[in-house]
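[1] just a sequence and a predicted model for now, questions to come.
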Amino acid sequence: MEASLASYFDLYQFTTGRRLFALRAIEAIAAQLGYDDIADSARAAIDFNEGVRELEGEWQTTKSTTEGVRVEADRLDEVIDRTVGGFHSRLKSDIQSFPADHPLGKTARELKRKIFPEGARPIITEAFEDELSSLQAMNAKLDAMRATHVEPLGAGAIADRLVGLTDEFAQALEAPQSRPVAFSEVRAARLQGQERMLRVAAKILGKFNGENPGDAEARQKLMTPIVDQNERIADYYRRQRPVPDIDPDSGEDVPTDD
């Protein structure tokens with residue numbers, strides 16, 4: 001499988017507003033320094049990410065008008081919340097019931113750390129599409145740990161239940177009455193938007209690789225907008241806070257629903 005540029009960069013996934021804000025700054029700096037090739041690359045990435053932002057807007061608009069009619073998804077969400085919460089509570093009970101050196105206590109602790117690193121609340125409070133992604137990731141982990149952790153704890157039935165609920169939830173979210181813009185489209189566009197930004201970063205690093213005098217200074221100036229946004233995102237994660245999007249013009253935080 002072809003590796004994306006993201007696999008070579010130690011950067012967080014930027015929101016679309018943060019990508020646009022950084023790319024516009026790079027375009028301006030490159031133009032000021034006379035690096036037209038960098039400015040052109042930044043402009044191409046900006047154009048693509050502006051399209052991503054438009055797609056997000058369409059998705060949010062249709063989300064607000066169709067959320068109320070997804071009765072089955074609402075019903076399943078309540079069942080899923082209870083099931084996930086119950087599973088988390090059960091693992092906590094197993095951990096408290098056995099000594100730290102007991103095989104079952106150790107197994108429960110390892111499974112909880114893998115499945116619920118931050119507890120159940122981050123999963124059950126997510127927007128529907130994000131919750132579905134989290135459930136699918138959880139099911140994959142449970143399947144991989146089935147023989148070593150799930151079955152020894154007698155949790156096979158609840159693992160199967162979660163798989164069934166996840167499938168039903170996915171079908172409900174893709175029902176005809178759902179939004180015309182699928183969240184999978186938005187997610188794919190965001191990933192491609194990040195890839196376009198990383199192409200610009202790769203071009204900067206390749207052009208100013210230290211072989212010529214002044215490379216380090218130019219590289220620092222051009223990469224600073226990306227580095228700055230990455231550090232801001234890291235700060236939110238350190239404080240265990242959700243990362244808001246920003247206005248690509250002003251850089252101010254904006255509320256986000258997804």
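    Sure, I can see it.
[2] and the helices in the protein?
    Taking DSSP state H as the criterion, the chain contains helices spanning 16-33, 36-66, 71-97, 103-115, 121-124, 128-144, 156-173, 183-207, 215-238.
[3] quick one: those helices as CSV, columns for mean neighbour count too.
    Just so you know, the C-beta spots here come from the backbone N, C-alpha and C atoms, and that holds for glycine as well. Below are these laid out as CSV (neighbours: other CB atoms under 10 Å):
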stretch, mean neighbour count
helix 16-33, 22
helix 36-66, 17
helix 71-97, 16
helix 103-115, 17
helix 121-124, 17
helix 128-144, 17
helix 156-173, 16
helix 183-207, 18
helix 215-238, 16
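[4] which one of those helices lies closest to Ile246?
    Nearest of those to Ile246, taken as CB to CB: helix 16-33 at 4.4 Å.
[5] what sits up against that closest one?
    Under the criterion CB atoms under 8 Å, 6 or more residues apart in numbering, residues 14, 36, 38-39, 42-43, 45-46, 49-50, 52-53, 56, 190, 193-194, 197, 200, 204, 218, 221-222, 224-226, 228-229, 232-233, 245-249, 251, 254 lie in contact with helix 16-33.
[6] one more time with 7 Å
    Residues from elsewhere that reach helix 16-33 (CB atoms under 7 Å, 6 or more residues apart in numbering): 38-39, 42-43, 45-46, 49-50, 52-53, 56, 190, 193-194, 197, 200, 218, 221-222, 225-226, 229, 245-248, 251, 254.
[7] my guess is Tyr244 contacts Glu252. True?
    Tyr isn't right for residue 244; it's Pro. No - the criterion here is CB atoms under 7 Å, and Pro244 misses it with Glu252 at 9.6 Å.
[8] neighbour-wise, which of these two wins?
    A direct count of neighbours by other CB atoms under 10 Å for Pro244 and Glu252 places Pro244 higher, at 15 against 10.
[9] for the more buried one, give me phi and psi.
    For Pro244, the backbone dihedrals (degrees, to the nearest 10) come out as phi -80, psi 160.
[10] same thing with Pro213?
    Residue torsions, per degrees, to the nearest 10, at Pro213 are phi -60, psi 140.
[11] nearest to Asp10, out of the helices of the chain?
    So among the helices of the chain, helix 215-238 is nearest, using CB to CB, at 8.6 Å.
[12] also compute the angle for that closest one relative to helix 36-66, please.
    Following axes from the mean of the first three to the mean of the last three CA atoms, to 10 degrees, one obtains 20 degrees for the angle between helix 215-238 and helix 36-66.
[13] can I get the CA coordinates of helix 215-238 in CSV?
    Below are the C-alpha coordinates for helix 215-238, written out as CSV (Å, rounded to 0.1, in the frame of the first residue of the first chain):
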residue,chain,number,x,y,z
ASP,A,215,18.6,27.7,3.9
ALA,A,216,18.0,27.4,7.7
GLU,A,217,16.6,30.9,8.0
ALA,A,218,14.3,30.5,5.0
ARG,A,219,13.2,27.1,6.1
GLN,A,220,12.3,28.4,9.6
LYS,A,221,10.4,31.3,8.2
LEU,A,222,8.4,29.2,5.8
MET,A,223,7.7,26.3,8.2
THR,A,224,6.8,28.5,11.2
PRO,A,225,3.0,28.7,10.3
ILE,A,226,2.7,24.9,10.3
VAL,A,227,4.9,24.4,13.4
ASP,A,228,2.9,27.1,15.3
GLN,A,229,-0.4,25.4,14.6
ASN,A,230,1.0,22.0,15.5
GLU,A,231,2.2,23.3,18.8
ARG,A,232,-1.2,24.9,19.5
ILE,A,233,-2.9,21.5,18.8
ALA,A,234,-0.4,19.8,21.1
ASP,A,235,-1.3,22.2,23.8
TYR,A,236,-5.0,21.4,23.6
TYR,A,237,-4.2,17.7,23.8
ARG,A,238,-1.9,18.2,26.8
